[in-house]
Structures are given as structure tokens and as C-alpha cells.
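In: the following block contains a protein sequence and its predicted model.
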Number of protein chains: 2
Amino acid sequence: MSRSNPRVLSTLERAGGFASAQEVYRLMQREGERIGLTTVYRSLQSLVNDKIVDVLRRDDGEAIYRLCGEAHHHHLVCKSCGDTVEIEGGAIEKWAKVMAEEHGFREVGHTAEIFGLCAKC
Amino acid sequence: MSRSNPRVLSTLERAGGFASAQEVYRLMQREGERIGLTTVYRSLQSLVNDKIVDVLRRDDGEAIYRLCGEAHHHHLVCKSCGDTVEIEGGAIEKWAKVMAEEHGFREVGHTAEIFGLCAKC
DNA sequence: AACGGGAATGAAAATCATTTTCATTTGTGG
DNA sequence: CCACAAATGAAAATGATTTTCATTCCCGTT
């Protein structure tokens, strides 16, 4: 079993704590790192195993990774121009926790995105 | 744009309301239906557009479809066994509306899912 | 019944993320 | 310096999903 390449983790951190394997890879390429896609995948898997990062799924099925415990935020996305605003989601955290408890769920995480038309569009 | 093939919906119902496109296809084949995989995908997509079925993701990223009971709800999904509970999201509706207004967004929609380990797992 | 046009169909090819294979490189202890 | 295990990555394999495109089906009109 391979161990995680530290540069992958540091790139994920720099990405704002939310990126797919492909995105991490592209980011590293753009920054001149010499690394293979395979290693990126392996490192992310290993980080997930070690519970250092969480894995979620985008609507299109692509896996996205983010640092565990990192203060996470949500997104307000314009469906026309793609402009994105990071928003705070205290209400969601509470809602998720309550709902989970109510149904006996443990180790809960959540996703939440709002989309619409921004002021410009 | 194509409309849904009714046999796809009836097969999904018979499947217990929880199946991937591939599974629906295999099921129909096994039952002697003459249908193409493409049509299964197209029908399911169309059913999702019409909000007649919901689409979720398995841990491996495969999309699973099932009949949608109510109007608008959210999901509490077990990441181990895939068990799903439909939950009410009044708090989310309000949150989404407030956040959108705050940033000048119009025509907003949202997605929100909670995932964790259910009581059994 | 023959015709025409648009919708529906599906086989095959294309796409895309992810995994596997396998040969090569690297690092470390002896 | 050597041997050997771990790490790496290019390329091929996999598997779901989408696209392409030629064919078939349906339906109203002549």
C-alpha cells in the first residue's frame, strides 16, 4: 500500500479545501510539479483511508475531496455566468446535526449548494 | 427531446424503486423486453427532469434512481448501506432564500444532502 | 393506400473519471 | 555498493454515461 505524497495534500489545502482528483492534478501541473495522475489518485485514496480528507460526490458523480475538520463553507453559484460566492452555513450545520440525530445517524457530513441568477445576469 | 418510455418507469417501480440505469436495463433484458441501454438512460433522465424520479449517487459514483414520493425534500443517506431517509428541509429553504437575497441572486434553487452512518451500520 | 416529417430508438463510437498493470526509478538498510 | 521493497507514472483497461447518426415508428394529410 502506498503512502500519500505530501505535495498532494498541500495542493488540496491550497485549493481551498474542495477539489476533485483531476483538479488537484491540473493545479499541480500548472504549478510546475512533476507528478502523475495515478499518484494523485493513490495519494487521495490514502488520505481518505487515514481519515485526513473527506470524499463527497458532485452531482455529476465526480469525487471531490476536502480536508477533514477544515471549516467548510457552501456555494452560491450563478447558473448563467458561473460566478460563485462562498457563503457561511451555520443554519445548515445545525439542521444536519438535528436531522441526523433524529434518525440515529453518526459521523455525518453534508453538502449544500444554492444556485440561481446573479445580479449581473 | 424524447419522452420517457413507460416500460422503464414500470420496471423501476418493480425494482423496488431503487436501481441504477444499468440495473434497470439488465432487469428488462432478463424479462425479455426489447429495449436499448440508450433508451433506458434517456427515459430516466426525462423522468428526473419531470421530477417523477429522484437521482442519488452510490459510493462508487453510480447514479441510482427511484420514485419520488413528495414534492420537495432532502435526503439522509447512509454511506455504508445506502439506506435513505427523506427529510424535511424547512430550515434550508429559509437559509437559501436569505443567502440569495443577501447577494442579489434571483430564481434560486438548491441541493442539500446529509450523509453518515445509519444506526444499523 | 401512399406520402412526409418529426419523434423515438438503439448500435456503435466517443467521453471521462477512475483503476489496474507493469516496467522503471528511488530510497534505505545491510 | 548491493539488494530489495516501496513509490512512481505511462499506458491500457474498465465501466458508466453521453453522443452520433442511420433506421424505424407514428400520425396526420393527400
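Out: Yes, it's here. Numbers count the residues shown, from 1 in each chain, chains lettered A, B, ... in the order given.
In: quote the end-to-end distance of stretch A:60-74.
Out: End-to-end distance for stretch A:60-74, by Cα to Cα, to the nearest Å: 18 Å.
In: and chain A, which residues reach DNA strand D?
Out: Applying Cβ under 7 Å from any atom of the strand, we find that chain A lies next to DNA strand D at A:1-3, A:5, A:34-39, A:42-43, A:61. Heads up, the C-betas are built off the backbone N, CA and C, glycines and all.
In: and chain B, which of the residues you listed reach it?
Out: A:Gly61 (Cβ under 8 Å from any Cβ of the partner chain).
In: find the pair from the residues of chain A next to DNA strand D with maximum spatial separation.
Out: Between any two of those, the greatest separation by Cβ to Cβ is 29.2 Å, found for A:Arg34 and A:Gly61.
In: quick one, helices of chain A?
Out: Counting by DSSP state H, chain A has helices at residues A:6-14, A:21-30, A:37-49, A:90-102.
In: now list the buried members of the residues of chain A next to DNA strand D.
Out: When the residues of chain A next to DNA strand D are checked for burial by 16 or more other Cβ atoms under 10 Å in any protein chain shown, the buried set is A:5, A:35, A:39, A:42-43.
In: out of the residues you listed, which is nearest to chain B?
Out: A:Arg42 (17.3 Å; Cβ to the nearest Cβ).
In: does the longest strand that chain A contains come close to chain B?
Out: In chain A, assigned by DSSP state E, the strand with the most residues is strand A:106-117. Yes - using Cβ under 8 Å from any Cβ, strand A:106-117 reaches chain B at A:106-117.
In: dump the residue contacts of the residue nearest to A:Ala96 when sequence neighbours are not counted.
Out: Spatial nearest neighbour of A:Ala96, excluding adjacent residues (Cβ to Cβ, 6 or more residues apart in numbering or on different chains): A:His110 at 4.3 Å. Neighbouring residues of A:His110 by Cβ atoms under 8 Å, 6 or more residues apart in numbering or on different chains: A:92-93, A:96, B:112-115.
In: who does A:His110 bridge with?
Out: Counting by DSSP bridges, A:His110 forms beta bridges with B:Ile114.
In: so, low pLDDT: which residues of chain A?
Out: Judged against pLDDT under 70, the low-scoring parts of chain A cover residues A:1-2, A:69-72, A:79-83.
In: can you list the residues of it near DNA strand C?
Out: With Cβ under 7 Å from any atom of the strand as the criterion, chain A meets DNA strand C at residues A:20-22, A:37-38, A:41-42, A:45, A:62-63.
In: repeat the analysis, applying 6 Å as the threshold.
Out: Residues of chain A lying close to DNA strand C by Cβ under 6 Å from any atom of the strand are A:20-22, A:37-38, A:41, A:45, A:62-63.
In: and of these, the nearest to A:Ile87?
Out: A:Ser20 (21.0 Å).
In: that closest one against A:Glu62, yeah?
Out: Yes - using Cβ atoms under 8 Å, A:Ser20 is in contact with A:Glu62, at 5.0 Å.
In: in stretch A:57-67, what's buried?
Out: Buried residues in stretch A:57-67 (16+ other Cβ under 10 Å): A:57, A:63-67.
In: got the end-to-end distance for that stretch?
Out: 14 Å.
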